[in-house]
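J.: kindly return the folded structure for what I paste below:
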Amino acid sequence: MNWFNRKQKSVLCIDISSVAVKLLEISKANNSYTIEKFITVPLSLKTPADINSSNTPEITEALHAALTTTKTSLKHATIAVSPSSVITKIITMPAFLTEAQMEEQIMIDADQYVPYAIDDLFFDFEILGVNQKNSDLVDVLFVASRRSNVDERVSALTNVGLKTDIVDVETFAMENAMSLLPNYSDQPLTEQTIALVNIGASFSSLTVLHNGRIEYTREQEFGGKQLTEKIQYQYGISFNEAELKKIEGGLPSSYIEDILEPFKSAMSQQIQRSIQLYNSSAGNRDINYLMLCGGCASIIDIDKYIERTLKIPVYIANPLINMSLSNKIELNALYKQAPSLMVACGLAIRSFD
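T.: Numbers count the residues shown, from 1 in each chain. So this is what the prediction gives:
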């Protein structure tokens, strides 16, 4: 399974979460990107088993609806798997080896890196550069996932007639999407430490990039779905209605004090705890600034709230900021969801590299 090196001219990116399917079609010309198609189709998953699976009748129905509504002509797609289903390791290998020889050696040594048989895995690798301690060695990023994790995502696309060309990892996709964001410091990105916080539907993650490379990542079970469920039960409405009102408004005035403020506090505490764990492993390295993405980044003034709490500059990630839009795209609807499109945009950029 190739995670790194496949190239395409235009791409269809599919991001499946526990509450929605996002479809993003992006084209590229002269180093400029244009969003050709976009849609988010909410899911109505009823059981924990459904939430943990990316190949269910509900997801098939949502994918079919997305393809039908956008009328995309593309039949090949890129998709990402959760970092929790992937094993990544930095390994060192002799610099004189060819990529074919490296692949052969990794297959021989795989049992040193993962607790599964090589036949049960999809794996890929990328040469990061010369090892700092020994110039005769190179650092190699090794990535592996059990075939069942990847096959499940691929099957979800196959069910609606799509062929999966690239399977990436959500963390790597977001790292790639960082190239689309402004630099909020006077220092070059390769000399900074940046924390990327993704608050998704069911999970949140902290990814720290130091000198342009992922140095630390941590995922935990906390996300916007908890806020939606509180709205649902507090006001006796359906999950989908609660999700819609959370984004577009229309909730009672008590919502802010009774539900939103406690959630913002819990969200800030989760981020603070993750940063403390990072600091304990990295020796209290200063973070230049924090980029906030995911659905919860759209909460009004959440960046200011977290900045006051953490005493770190906080910005909302908008990977669409320098992209053109097709005249078929509804601008306001798209930009409301911009912070939650880091994975989808990162998938596209990876494909164009």
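
J.: C-alpha only now, for contacts and for neighbours.
T.: OK.

J.: next structured bit after the lowest-mean-pLDDT helix or strand in the chain?
T.: The weakest-scoring helix or strand in the chain, judged by mean pLDDT, DSSP states H and E, is helix 48-51 (a mean of 41). Toward the C-terminus, helix 48-51 is succeeded by helix 57-70 as the next helix or strand (DSSP states H and E).

J.: using CSV, write out every CA atom in that following helix.
T.: Extracted in CSV, the C-alpha atoms of helix 57-70 (Å, rounded to 0.1, in the frame of the first residue of the first chain):
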residue,chain,number,x,y,z
PRO,A,57,-24.7,0.9,5.2
GLU,A,58,-25.0,4.4,6.5
ILE,A,59,-21.6,5.4,5.2
THR,A,60,-22.3,3.8,1.9
GLU,A,61,-25.5,5.8,1.6
ALA,A,62,-23.7,9.0,2.6
LEU,A,63,-20.9,8.4,0.0
HIS,A,64,-23.5,7.7,-2.7
ALA,A,65,-25.4,10.9,-1.8
ALA,A,66,-22.1,12.9,-1.9
LEU,A,67,-21.2,11.5,-5.4
THR,A,68,-24.7,12.0,-6.7
THR,A,69,-25.1,15.6,-5.4
THR,A,70,-21.7,16.8,-6.6
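
J.: tell me what that helix is packed against?
T.: Taking 3 or more Cα pairs under 8 Å, 6 or more residues apart in numbering; DSSP states H and E as contact, the helices and strands that helix 57-70 lies on are strand 20-29, strand 32-42, helix 147-158.

J.: give me the contact list for the helix ranked longest in the chain.
T.: For the chain, the longest helix by residue count, based on DSSP state H, is helix 261-282. Contact with helix 261-282 is made by 197, 206, 216, 218, 227, 284, 285, 302, 305, 306, 309, 310, as judged by Cα atoms under 8 Å, 6 or more residues apart in numbering.

J.: quick check: mean pLDDT of it?
T.: Averaging pLDDT along helix 261-282 gives 92.

J.: next SSE after that helix?
T.: Following helix 261-282 toward the C-terminus (DSSP H and E): strand 289-293.

J.: direction included, what does that following strand pair against?
T.: strand 193-199 (parallel), strand 314-316 (parallel) (DSSP bridges).

J.: as a markdown table, those strands with mean pLDDT, distance to residue 11 and mean neighbour count would be great.
T.: Shown next, in a markdown table, are those (pLDDT from 0 to 100; distance: least, Cα to Cα, whole Å; neighbours: other Cα atoms under 10 Å):
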| stretch | mean pLDDT | distance to residue 11 | mean neighbour count |
| --- | --- | --- | --- |
| strand 193-199 | 94 | 23 | 24 |
| strand 314-316 | 96 | 25 | 21 |
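
J.: and those: which comes nearest residue 122?
T.: Closest of the strands paired with strand 289-293 to residue 122 is strand 193-199, at 25.5 Å (criterion: Cα to Cα).

J.: so how far is that closest one off the chain centroid?
T.: Its chain's C-alpha centre and that of strand 193-199 lie 11 Å apart, by Cα atoms, centre = their mean, to the nearest Å.

J.: show me what the strand or helix carrying residue 124 is packed against.
T.: Using DSSP H and E, the element containing residue 124 is strand 121-130. Helices and strands touching strand 121-130, by 3+ Cα pairs under 8 Å, 6+ apart, are strand 137-146, helix 147-158.
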